[in-house]
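> only the shape, not the letters, is given here:
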């Protein structure tokens, strides 16, 4: 019995780590795009994501996919809209600012989700999370200030939208914790797709950039959601949050190795403060998390 539990936990850890690695590829994929503008890349990314995610939903639910979609209810629709905005803003944030800026700011999502859960669901907010929130705001302030001085604050400010979007999504999932909320991610993809169609001047794309969009949609976006969902069934929430932070380290590393993108000193300082806050909060959460019964 003990070996079976350990095996399931190892499987869950492997899924979550793989999801984190796939998530970290976003900045590199944007930098490797040759011709497509943001809206065109967004459109084809969402097309590939939706094909993948609907095939997965069909594999999971079969002909009951419509029932799975309606089961998410109003919280699921709110999560879909919030996540759809996060999808759009995240890609453009990567275009307009450094990958390090985006991932360091994005790392604060679980902290601000805890604040939103305290406001909406009246969940208890530990002192450690309050302190982490203050530290994270200081770190973000340093990065935004540096971007403003450089005359390019747009990308850093756009990076705040996914933070809010993912926070709303996480709270909505908490509100419907016994329901499969993966259909909400599919609806978010539909929302981002429609926005891209409305905003794009030209949806034509080269083979190279389509390959980038396909990896973006299937691997970076689709597989990471599926693997996180599968892994979270066997790994405590605090451990999932901690393992998921691996992408914060990997994302800037990929673009540094591939295109020699080096963050500014202020980004290093602000990012170090943010990472310290995020990891301290994750370790605190992990200490208080009980193993999942198998």
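Okay, I see it. Quick caveat, the model's predicted, so the values are computed rather than measured.
> wait, doesn't residue 218 sit right on residue 47?
No - look at residue 218 against residue 47 with Cβ atoms under 8 Å: they stay out of range, at 10.3 Å. Glycine gets a C-beta too; all of them are placed from N, C-alpha and C.
> which residue sits closest to residue 133 in space, ignoring its chain neighbours?
In space, and not counting its chain neighbours, residue 133 is closest to residue 111: 5.3 Å by Cβ to Cβ, 6 or more residues apart in numbering.
> should've said residue 97
Once flanking residues are discounted, residue 97 sits nearest to residue 155: 2.7 Å by Cβ to Cβ, 6+ apart.
> list the buried residues of stretch 133-140.
Judged by neighbour count using 16 or more other Cβ atoms under 10 Å, the buried positions of stretch 133-140 are 133, 135-137, 139-140.
> nearest to residue 264, of these?
Checking the buried residues of stretch 133-140 against residue 264 with Cβ to Cβ, the nearest one is residue 139 at 13.5 Å.
> what helices or strands is the helix or strand containing that closest one leaning on?
Using DSSP states H and E, residue 139 falls within helix 127-149. Under the contact definition 3 or more Cβ pairs under 8 Å, 6 or more residues apart in numbering; DSSP states H and E, helix 127-149 sits against helix 99-106, helix 109-120, helix 154-158, helix 265-287.
> the third one: which residues count as buried?
It stands for helix 154-158. By neighbour count on 16+ other Cβ under 10 Å, the buried set for helix 154-158 is 155-158.
> same question for stretch 8-25.
Those would be 9, 12-25, for stretch 8-25 by 16+ other Cβ under 10 Å.
> with mean pLDDT and distance to residue 167 as new columns, can the helices and strands packed on helix 127-149 be given to me in CSV?
Converted to CSV, the helices and strands packed on helix 127-149 look like this (pLDDT from 0 to 100; distance: least, Cβ to Cβ, whole Å):
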stretch, mean pLDDT, distance to residue 167
helix 99-106, 84, 11
helix 109-120, 74, 4
helix 154-158, 83, 16
helix 265-287, 72, 13
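> reformat those helices as CSV; add distance to residue 55.
As requested, the helices and strands packed on helix 127-149 are arranged in CSV below (distance: least, Cβ to Cβ, whole Å):
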stretch, distance to residue 55
helix 99-106, 27
helix 109-120, 27
helix 154-158, 31
helix 265-287, 33
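> of all the ones you listed, which one is nearest residue 179?
Closest among these, using Cβ to Cβ: helix 109-120, at 16.9 Å.
> just checking, what packs against that closest one?
Counting contacts by 3+ Cβ pairs under 8 Å, 6+ apart, helix 109-120 packs against helix 127-149, helix 160-175, helix 265-287.
> mind checking how far it is from the chain centre?
Helix 109-120 sits 15 Å away from the centroid of its parent chain (Cα atoms, centre = their mean, to the nearest Å).
> over to stretch 85-93?
10 Å.
> next one: stretch 113-122
Distance of stretch 113-122 from its chain centroid, counting by Cα atoms, centre = their mean, is 19 Å.
> buried ones in stretch 191-210?
Under 16+ other Cβ under 10 Å, the buried positions of stretch 191-210 are 191-193, 195-196, 200, 205, 209-210.
> for residue 165, which residues are in contact?
Shown in contact with residue 165 (Cβ atoms under 8 Å, 6 or more residues apart in numbering): 82-86, 89.
> neighbours of the spatially closest residue to it that is not a sequence neighbour, how many?
Of all residues not flanking residue 165 in the chain, residue 86 sits nearest, at 3.0 Å (Cβ to Cβ, 6+ apart). Residues near residue 86, counting by other Cβ atoms under 10 Å, number 24.
> tell me the spacing between residue 86 and residue 279.
22 Å (Cβ to Cβ, to the nearest Å).
> could you do residue 221 as well?
Distance of residue 221 to residue 279, given as Cβ to Cβ: 25 Å.
> and for residue 122?
From residue 122 across to residue 279, the span is 27 Å (Cβ to Cβ).
> looking at the two, which has the bigger crowd around it?
Remark: of residue 122 and residue 279, residue 279 carries more neighbours, 16 against 8, as counted by other Cβ under 10 Å.
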